[in-house]
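Compute the structure for the input listed below.
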Amino acid sequence: PQVENMRRSMRVKSGMQRGQLEGRFMGAAPKGYKNLRNERGMAYISPSNHAKLMKEAFEVLSQGICNQEEVRISLNKKGLGISKNRFNALLRNPVYCGLIPITEDNGDKRVVKGQHEAIISEELFGTVQDVINGRRRNPLKYNSAREELPLRGFLICPQCGRNLSGSASRGRWGGKFFYYHCTGGCKERQKAKDVNEQFLHMLEAIRIKSGALDLYYEVLEDLFRKSKKADNSEVQKIDDEIIKNKVRINQAQTMLLDGKLEAVEYREIKTKLEDLNMNLITEKSNICTVDADFMKYLKSSIHLLKNLDLVYLKADLQTKQKIQGSVFKEKLIFEKYECRTPKYSEIVS
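Here you go, the predicted model:
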């Protein structure tokens with residue numbers, strides 16, 4: 001049996017290498033592709049519903065503006081559903097630009113032209129590799145934002161309803177004084193320092209009580225652990241089923257060699273069980289995409305809600321603007337340094 005198993009393993013390995021050399025992808029399809037079989041029963045991959053999202057990932061990263069984690073989180077919100085480590089591995093996979101990676105017996109690696117449809121160009125794939133490996137500098141961007149004017153673009157003129165802009169005026173003795181002012185031609189003008197302080201007081205007033213957040217954290221933590229336990233159990237069931245199907249294929253092969261099974265029957269059984277395993281592998285992959293960093297994100301979110309005003313005060317300009325957009329549904333109207341009743345987002349309402 002041991003010798004037969006070795007022979008079988010060598011035949012499988014040889015078959016996979018032959019398929020790769022022919023430009024066929026062997027194994028479970030990466031995100032953005034799906035496993036299919038042609039009329040001759042040969043496996044191949046074709047773009048799936050996630051292909052557009054994977055293409056978007058490469059296009060956004062090639063600009064060198066957003067990092068991998070920002071892109072991953074953004075695409076997960078659109079339904080990509082992928083973990084941090086797996087996302088990094090996929091971005092380095094040349095399959096997306098139509099190439100098949102091959103590892104020779106001596107350990108050397110090369111690529112061959114694949115038979116499958118490419119999602120991106122080889123040029124785009126190469127650009128992303130340069131960005132990931134730090135060989136390409138981020139393009140310089142002109143940014144008119146000022147630390148003294150974090151609410152610029154987030155305020156509405158109480159007189160005409162247009163957006164308030166912001167700028168600095170030089171005082172009599174050479175000092176700079178910052179103001180929010182209207183762009184619509186009216187005379188609305190407010191001291192930036194006073195408005196910024198009033199906004200900080202607003203954040204302090206809506207800070208959620210620690211007791212409520214602690215309870216919320218405990219509930220979510222308990223739900224996550226129960227969900228994780230259930231997922232682990234489901235993954236184990238899938239692994240067991242995959243092993244059973246592999247055993248069934250081996251048993252069918254033995255029956256074929258013993259003359260108890262026709263070649264046509266063996267191929268039908270083998271194809272059916274391999275397809276089942278492909279589906280099981282995909283199902284397992286979907287379960288495992290639950291982000292392992294969930295608890296870390298939960299803790300940081302709870303800390304933010306407990307100390308909203310303090311976090312905002314110490315944050316850089318970009319983070320302040322993200323907080324503004326996350327807390328309030330609409331832009332704010334300040335009149336005589338008092339804010340009209342704002343509409344809060346679901347996070348704090």
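
Going by C-alpha atoms from here, please, whenever you check contacts or count neighbours.
Will do.

Report the separation between the most centrally placed residue in the chain and residue 246.
What sits nearest the mean C-alpha location of the chain, by CA atoms, centre = their mean, is residue 72, with 2.0 Å. Distance, residue 72 to residue 246, using CA to CA, to the nearest Å: 34 Å.

try residue 179
Relative to residue 246, and taking CA to CA, residue 179 is found at 71 Å.

okay, those two: which has more neighbours?
Using other CA atoms under 10 Å, the more surrounded residue of residue 179 and residue 246 is residue 179, with 22 against 16.

next structured bit after the host helix or strand of the more buried one?
Under the criterion of DSSP states H and E, residue 179 resides in strand 176-182. Scanning forward in sequence from strand 176-182 by DSSP H and E, the next helix or strand is strand 189-191.

For that following strand, list every residue counted as buried.
residue 190 (16 or more other CA atoms under 10 Å).

Please name every helix or strand in contact with it.
Applying 3 or more CA pairs under 8 Å, 6 or more residues apart in numbering; DSSP states H and E, we find strand 189-191 packed against strand 176-182.

Strand partners (parallel or antiparallel) of the strand it packs on?
In the sheet, strand 176-182 lines up against strand 164-170 (antiparallel), strand 189-191 (antiparallel) (DSSP bridges).

circling back to that earlier point, before we move on, which element is the residue nearest to the centre of the chain in?
helix 68-77.

and what of residue 214?
In the assignment (DSSP H and E), residue 214 maps to helix 210-257.

Just the angle for the next helix or strand along the chain from that helix relative to helix 210-257, thanks.
For helix 210-257, the succeeding helix or strand toward the C-terminus, using DSSP H and E, is helix 263-287. Calculated by axes from the mean of the first three to the mean of the last three CA atoms, to 10 degrees, helix 263-287 forms an angle of 170 degrees with helix 210-257.

Show me which residues of helix 263-287 are buried.
266-267, 269-271, 273-275, 277-282, 284-285, 287.

For that helix, name the packing helices and strands.
helix 210-257.

So for residue 213, what's the nearest residue that isn't a sequence neighbour?
residue 302 (6.6 Å; CA to CA, 6 or more residues apart in numbering).

can you tell me how far that neighbour sits from residue 73?
18 Å.

swap in residue 344?
According to CA to CA, residue 344 and residue 73 sit 23 Å apart.

for residue 232, same thing?
Distance of residue 232 to residue 73, computed by CA to CA: 23 Å.

quick one, the helix or strand just after the helix holding residue 72 and helix 68-77 angle?
Where DSSP H and E defines the elements, the next helix or strand beyond helix 68-77 is helix 84-91. Comparing the axes of helix 84-91 and helix 68-77 via the same axes, to 10 degrees yields an angle of 100 degrees.

Give me the sheet partners of the next helix or strand after helix 84-91 and which way each runs.
Next in sequence after helix 84-91, counting helices and strands by DSSP H and E, comes strand 99-103. Paired neighbours of strand 99-103 in the sheet (DSSP bridges): strand 109-113 (antiparallel).

Residue 331 against residue 156, yeah?
Yes - look at residue 331 against residue 156 with CA atoms under 8 Å: they come within range, at 6.4 Å.

The two: which has the busier surroundings?
Using other CA under 10 Å, the more surrounded residue of residue 331 and residue 156 is residue 156, with 22 against 15.

Much appreciated, bye for now.
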